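Chemist: Give me a 3D structure for the following:
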Amino acid sequence: MSTLTGETAAGAETPAAGGGARRPLRRLGSPAVRTRLGALAGVVILAVLFWRLGTGAFVDGVRRIDAATLAAALGIGLVTTVFSAWRWALVARGVGIRLPFGAAVADYYRALFLNAALPGGVLGDVHRAVRHGQDAGDLGRGVRAVVLERTAGQLALFAAGGAVLLTMPSPVRDQMRAAAPLAGLGLVGACAVVLALRMNRVPPGRKPRAVRGMLGEARRALFSRTTAPGVLVSSVLVLAGYVAMFVLAADVAGAGASVADLLPLALLALLAMSLPLNVGGWGPREGVAAWAFGAAGLGAGRGLTVAVVYGVLSLAASLPGAVVLVARWYAATRNRRAADPEQLAQEAHPVEAEEARPLEEARHPLAPFAPAPVVRIPAQLSEVRSEKYAPKESARLARSSLPFSAVPSEGRPMTPESV
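Modeler: As a prediction, the model looks like this:
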């Protein structure tokens with residue numbers, strides 16, 4: 001009997017131990033831990049670059065930036081942000097929620113600033129997804145709209161990068177051409193699977209409802225007749241703005257290369273930026289740019305300088321988002337104060353608010369049941385009133401001489417003789 005009990009106890013402890021062992025793995029897979037690990041990887045990449053190439057490339061890149069360069073970066077950032085916000089509004093309309101264009105531009109600027117200022121490079125997008133979902137009354141659709149909008153941008157980047165790196169001279173053209181047949185076969189196989197599923201439709205009851213809904217939203221948001229042209233045009237123009245920013249950074253850094261030579265290098269750096277291993281976009285971009293410029297014969301140090309200038313210009317282009325952030329915070333603070341009229345009155349007229357407080361308390365519905373207030377009379381006034389209304393001496397004498405007075409006179413007992 002004891003043996004069976006021991007075996008049962010051991011069997012009961014095994015799942016608990018397994019569950020305890022799985023908890024650290026779940027914590028490692030959480031978004032917060034992934035963001036911290038990505039930021040740590042970006043810091044390590046930057047430390048290795050500065051150790052191998054020195055900090056002179058960073059200092060030289062920052063020193064070369066002037067006011068005209070910052071103005072050009074703000075102009076390019078305005079174009080890319082406006083078209084990105086337009087793409088976001090189109091995608092949001094495709095998933096069934098409303099997003100005004102002006103609000104989309106302001107929120108996109110704020111997200112760009114948070115992406116550049118906070119670790120991970122995606123916290124600004126998370127913030128705008130949650131805020132838009134809460135404002136629209138549908139958090140799930142708000143998040144999916146941002147995910148689909150970012151997916152459209154990444155698809156445009158991958159398509160343009162693949163076409164350019166396959167056709168134009170670049171450090172990875174030979175590797176790309178060697179891997180192109182395998183990638184083509186994989187794409188054909190994926191298309192064949194999709195076609196087979198379309199021809200042999202699964203009954204609606206067997207397909208999960210959530211999967212059907214997500215696929216339908218993606219199709220309406222990205223590939224419908226009303227949204228696909230705008231999404232495609234905006235994605236191409238946004239990508240062109242990023243490349244123009246990289247060419248401007250190369251010109252400021254003194255790379256001395258043509259636009260045709262810089263285009264594959266720019267796309268390589270932009271593809272590296274999509275990796276979630278950065279600190280506000282810094283890390284893989286600098287590493288890939290240093291390697292690509294070195295492989296192209298332009299110098300690894302020069303590539304690091306170009307990447308640093310690009311990062312500084314991108315941060316400067318996102319600074320209007322800081323203005324939007326402060327303005328929204330100030331407006332929210334004023335709204336909270338306006339929602340509390342008593343606090344607003346106290347801040348505007350503190351003396352009048354103190355005088356009006358007894359009147360407000362008197363209007364309280366429980367005021368009739370409150371205890372009566374204690375009125376304190378000054379000492380002088382009480383003496384005057386007591387003296388005024390005190391009985392006179394003649395009245396006291398008359399009262400004492402009444403025939404049937406019960407007050408004994410001169411301390412003697414009441415007798416018939418005294419009466």
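Chemist: List the buried residues of stretch 312-323.
Modeler: 312-321 (16 or more other Cβ atoms under 10 Å). All C-beta spots, glycine's among them, are computed from the backbone N, C-alpha and C.
Chemist: nearest to residue 105, of the residues you listed?
Modeler: Nearest to residue 105 among those: residue 320, at 9.4 Å, using Cβ to Cβ.
Chemist: could you pull out the helices for the stretch 1-150 of the chain?
Modeler: Ranges of helices in the stretch 1-150 of the chain, per DSSP state H, counting those that start in this stretch, are 2-28, 31-53, 56-63, 67-95, 101-117, 123-136, 139-167.
Chemist: closest one to residue 304 among those helices?
Modeler: helix 56-63 (4.2 Å).
Chemist: Who are the packing partners of the closest one?
Modeler: helix 228-253, helix 300-317 (3 or more Cβ pairs under 8 Å, 6 or more residues apart in numbering; DSSP states H and E).
Chemist: okay, those in JSON lines with distance to residue 285 and mean pLDDT next?
Modeler: Below are the helices and strands packed on helix 56-63 laid out as JSON lines (distance: least, Cβ to Cβ, whole Å; pLDDT from 0 to 100):
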{"stretch": "helix 228-253", "distance to residue 285": "10", "mean pLDDT": "95"}
{"stretch": "helix 300-317", "distance to residue 285": "5", "mean pLDDT": "91"}
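Chemist: Give me whichever of these is most buried.
Modeler: A comparison of the helices and strands packed on helix 56-63 by mean neighbour count, using mean count of other Cβ atoms under 10 Å, puts helix 300-317 on top with a mean of 25.
Chemist: what helices or strands is it leaning on?
Modeler: With 3+ Cβ pairs under 8 Å, 6+ apart as the test, helix 300-317 has helix 31-53, helix 56-63, helix 67-95, helix 101-117, helix 228-253, helix 259-273, helix 284-295 packed against it.
Chemist: Show me which residues of the longest one are buried.
Modeler: Buried positions in helix 67-95, judged by neighbour count with 16+ other Cβ under 10 Å: 69, 72-73, 76-77, 80-95.
Chemist: Please apply the same query to stretch 286-300.
Modeler: Within stretch 286-300, the residues scored as buried using 16+ other Cβ under 10 Å are 286-294, 296, 298-300.
Chemist: okay, those residues in JSON lines with distance to residue 142 next?
Modeler: Listed next are the buried residues of stretch 286-300 as JSON lines, based on distance: Cβ to Cβ, whole Å:
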{"residue": "286", "distance to residue 142": "33"}
{"residue": "287", "distance to residue 142": "34"}
{"residue": "288", "distance to residue 142": "33"}
{"residue": "289", "distance to residue 142": "35"}
{"residue": "290", "distance to residue 142": "38"}
{"residue": "291", "distance to residue 142": "39"}
{"residue": "292", "distance to residue 142": "37"}
{"residue": "293", "distance to residue 142": "40"}
{"residue": "294", "distance to residue 142": "43"}
{"residue": "296", "distance to residue 142": "42"}
{"residue": "298", "distance to residue 142": "44"}
{"residue": "299", "distance to residue 142": "45"}
{"residue": "300", "distance to residue 142": "43"}
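Chemist: between those residues, which is nearest residue 169?
Modeler: Using Cβ to Cβ, the buried residues of stretch 286-300 come closest to residue 169 at residue 296, 8.4 Å.
Chemist: got a list of what residue 78 touches?
Modeler: Neighbour list for residue 78: residue 317 [criterion: Cβ atoms under 8 Å, 6 or more residues apart in numbering].
Chemist: Check residue 72 too.
Modeler: So residue 72 contacts residue 248 (Cβ under 8 Å, 6+ apart).
Chemist: any idea how far it is from residue 60?
Modeler: According to Cβ to Cβ, to the nearest Å, residue 72 stands 19 Å off from residue 60.
Chemist: next one: residue 253
Modeler: 8 Å.
Chemist: Tell me the residues that contact both of those two, please.
Modeler: residue 305.
Chemist: Taking helix 139-167 as reference, get the angle to the host helix or strand of residue 182.
Modeler: Using DSSP states H and E, residue 182 sits within helix 173-199. Put simply, helix 173-199 runs at 130 degrees to helix 139-167, going by axes from the mean of the first three to the mean of the last three Cα atoms, to 10 degrees.
Chemist: tell me what helix 173-199 is packed against?
Modeler: Looks like helix 173-199 contacts helix 139-167 (3+ Cβ pairs under 8 Å, 6+ apart).
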